[in-house]
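S.K.: take a look and give me a structure for this.
(chains A and B)
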Amino acid sequence: MHDDHGHGHHHGEHDHGRHAASSPEVRVEALEDLLVERGLADRERIDATIQRFEHDIGPMIGARLVAEAWADAGLRRRLLTDADAVVADMDIRGAEIEHIEVKANEPGVHNVVVCTLCSCYPWALLGLPPNWYKSPEYRARVVREPRVVLAEMGLDLEADTELRVWDSSSETRFLVLPERPAGTEGWSVERLAELVTRDSMIGVARVTDPGGR
Amino acid sequence: MPPDAHESTPAARGVHDLGGASGWGRIPYQPDEPPFHADWERRVFGLLGAVTSATARRPGEFRYALERLHPNDYFDNGYYGRWLAGFEVLLDEYEVFDLVDLALRVSVRTDQALGDITQASPALRVAPVADRVPSMLPPDRPVPAPQRRTVRRDLAEPPRFSTGDRVVAPTPTQPGHTRLPGYVTDKPGTVAKLHPAEVLPDSTAHNRGERPQHVYCVGYDARTLWGDDAEPNATVYVDLYECYLTAAQSD
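M.R.: Numbers count the residues shown, from 1 in each chain, chains lettered A, B, ... in the order given. Next comes the predicted model:
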């Protein structure tokens, strides 16, 4: 069964009545109404949760950590050995950061993060994950052919670069510390943080230098 | 099936256990993709707290509900579609409401018959919670209650394995929730690091107690996992609970 996942699953094979009846737009509206009527959900609280994750909790939190580590060698060492303490000191709180490990990219070493069993991701540092991270394609393939997958996503690695793939199977969550681009010497933490993308902290992209290369 | 069949029959890999599965195509990659693509996805996300507070409160329980979904319900509407199907399953299993109550509220928005809507519920084709035989779980052990809500626990017992030890996780013989990915089973790996101890989701998801475990980061050389097809110079690290692991035969 396992090797049939990709071949065996074809969209549109099931009957159309079922599909129409289970349109997620309608189902979630109905479900929300029912929960609100029963006093089990509160629309204002739902709205506030969505707002928080769309506006306040996002990759800028992780980007700030990365920029601080680029600017301060002592902080970088602590982040790589005891990220929980750094996260606590910076008063970063929230979901999905029970235990954080930060993995540094260096010349000759590249790290990339996945969750093959579901879609575990450090929400409080990066916000909610993008669809591609949660896709069966990424979950199935990045452990088996990481170099091919990264090249497909636009990241070509040197042939002799060691690849480390981190599968998030416990409550530990991983963040990649990307390499600091050349040409940023003397930059402020704020300016550095603006360079750091979410995808570079998952490990599927580099932080490009200020020339955009 | 003989009563002791679970002793020798490997449990089938679930629909969610995707690591290494073949047949999947290009990654649907968009740089800087936003987390939501439609308003209904926002609403599903916003409901997570309300639904799990009323139903799946134990570690691993919500994940296990998703793992038990019919493959169509797991894959068809992506991540938030999977959550929504899981919500319906849990609200039905916990008898928070009847499927007809939900169908009534769907029917006022569509021209579909009540019976058809009810019949289409993921709750009617979900796999049941598997019976977890307690004797096949590691013993529970009393630990200090944590000060805050967390899965981490302080264990008095020292870890069985150390960094550098060679270990193997045998294929599970009991069906049910586990955080052991199928692609590393029966393959030797090397303990790279210890993580903080955690409650065992294989037990909590089945309401069999916390049974906290040491957690190891185990590194697997790609050649060990994929043989001749492996990419050179790659290691896959997986976090595994102590009870999954045995010492590897020296190789």
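S.K.: next one: the residue located most distally from the centre of chain B from B:Arg26, what distance?
M.R.: Going by CA atoms, centre = their mean, the residue of chain B most distant from its centre is B:Asp111, 36.6 Å out. Counting by CB to CB, to the nearest Å, the gap from B:Asp111 to B:Arg26 is 38 Å. All C-beta spots, glycine's among them, are computed from the backbone N, C-alpha and C.
S.K.: tell me which element the residue farthest from the centre of chain B falls in.
M.R.: For B:Asp111, there is no helix or strand it lies in under DSSP states H and E.
S.K.: next, it: phi, psi?
M.R.: Dihedral angles of B:Asp111 (phi, psi; degrees, to the nearest 10) stand at phi -100, psi 20.
S.K.: same check, this time on A:Trp166
M.R.: Torsion angles, degrees, to the nearest 10, at A:Trp166: phi -110, psi 110.
S.K.: with B:Ala123 instead?
M.R.: With angles defined as degrees, to the nearest 10, B:Ala123 shows backbone torsions of phi -70, psi -20.
S.K.: mind listing what it touches?
M.R.: B:Ala123 is in contact with B:Glu88, B:Val89, B:Asp92, B:Glu93, B:Leu99, counting by CB atoms under 8 Å, 6 or more residues apart in numbering or on different chains.
S.K.: which of the residues you listed lies closest to chain A?
M.R.: Among these, B:Glu88 lies closest to chain A (CB to the nearest CB), at 7.1 Å.
S.K.: what's the local residue count around the nearest residue to A:Val189 once chain neighbours are set aside?
M.R.: Distance criterion CB to CB, 6 or more residues apart in numbering or on different chains; nearest residue to A:Val189, sequence neighbours excluded, is A:Ala67 at 4.7 Å. Number of residues near A:Ala67 (other CB atoms under 10 Å in any protein chain shown) recorded here: 23.
S.K.: repeat for B:Asp73
M.R.: Counted with other CB under 10 Å, B:Asp73 comes out at 24.
S.K.: could you do the one 4 residues further on as well?
M.R.: Residues near B:Asn77, counting by other CB under 10 Å, number 23.
S.K.: okay but it is in contact with A:Pro24, surely?
M.R.: Yes - counting by CB atoms under 8 Å, A:Pro24 is a contact partner of B:Asn77 at 5.0 Å.
S.K.: what is in contact with those two at once?
M.R.: Taking CB under 8 Å, 6+ apart as the criterion, B:Asn77 and A:Pro24 both touch B:Leu84.
S.K.: how about the strands in chain A?
M.R.: A:99-104, A:109-114, A:162-167, A:172-177 (DSSP state E).
S.K.: want to throw those into CSV with distance to chain B?
M.R.: Output for the strands of chain A, formatted as CSV (distance: least, CB to the nearest CB, whole Å):
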stretch, distance to chain B
strand A:99-104, 5
strand A:109-114, 8
strand A:162-167, 4
strand A:172-177, 5
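S.K.: these: which one's closest to A:Ile57?
M.R.: Nearest of the strands of chain A to A:Ile57, taken as CB to CB: strand A:172-177 at 13.8 Å.
S.K.: partner strands of the closest one, parallel or antiparallel?
M.R.: Sheet pairing for strand A:172-177, assigned by DSSP bridges, gives strand A:99-104 (parallel).
S.K.: still on that earlier bit, got TSV for the strands of chain A, with mean neighbour count and mean pLDDT too?
M.R.: Below are the strands of chain A laid out as TSV (neighbours: other CB atoms under 10 Å in any protein chain shown; pLDDT from 0 to 100):
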stretch	mean neighbour count	mean pLDDT
strand A:99-104	21	96
strand A:109-114	24	98
strand A:162-167	23	98
strand A:172-177	25	97
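S.K.: how about A:Tyr121: what's its closest non-neighbour residue?
M.R.: A:Pro129 (4.2 Å).
S.K.: hey, which helix or strand in chain A has the poorest pLDDT?
M.R.: Lowest on mean pLDDT, DSSP states H and E among the helices and strands of chain A sits helix A:5-8, with a mean of 40.
S.K.: whoops, I mixed them up, chain B
M.R.: When each helix and strand of chain B is scored by mean pLDDT, DSSP H and E, helix B:114-119 comes last, with a mean of 90.
S.K.: residues contacting the helix or strand hosting B:Asp239, please?
M.R.: Using DSSP H and E, B:Asp239 sits within strand B:234-241. Contact partners of strand B:234-241, identified using CB under 8 Å, 6+ apart, comprise A:143, A:146-147, A:162-170, A:172, B:167, B:169, B:179-181, B:184, B:189, B:192, B:195, B:198, B:200-202, B:213-222, B:225.
S.K.: and the residue nearest to A:Tyr121, how many neighbours?
M.R.: For A:Pro129, using other CB under 10 Å, the count is 20.
S.K.: what sits against it?
M.R.: Per CB under 8 Å, 6+ apart, neighbours of A:Pro129: A:Ser119, A:Tyr121, B:Pro35.
S.K.: for it, phi and psi?
M.R.: phi -70, psi 150.
S.K.: what mean pLDDT would you report for the strand holding B:Asp239?
M.R.: Averaged across strand B:234-241, pLDDT comes to 98.
S.K.: just checking: what are the partner strands of the helix or strand following that strand?
M.R.: Where DSSP H and E defines the elements, the next helix or strand beyond strand B:234-241 is strand B:246-247. Here strand B:246-247 is paired, per DSSP bridges, with strand B:166-168 (antiparallel).
S.K.: for the strand it pairs with, buried residues please.
M.R.: Neighbour counts over strand B:166-168 (16 or more other CB atoms under 10 Å in any protein chain shown) mark B:Val167, B:Val168 as buried.
S.K.: so which residues make contact with it?
M.R.: B:161, B:186-191, B:216, B:218, B:240, B:245-251.
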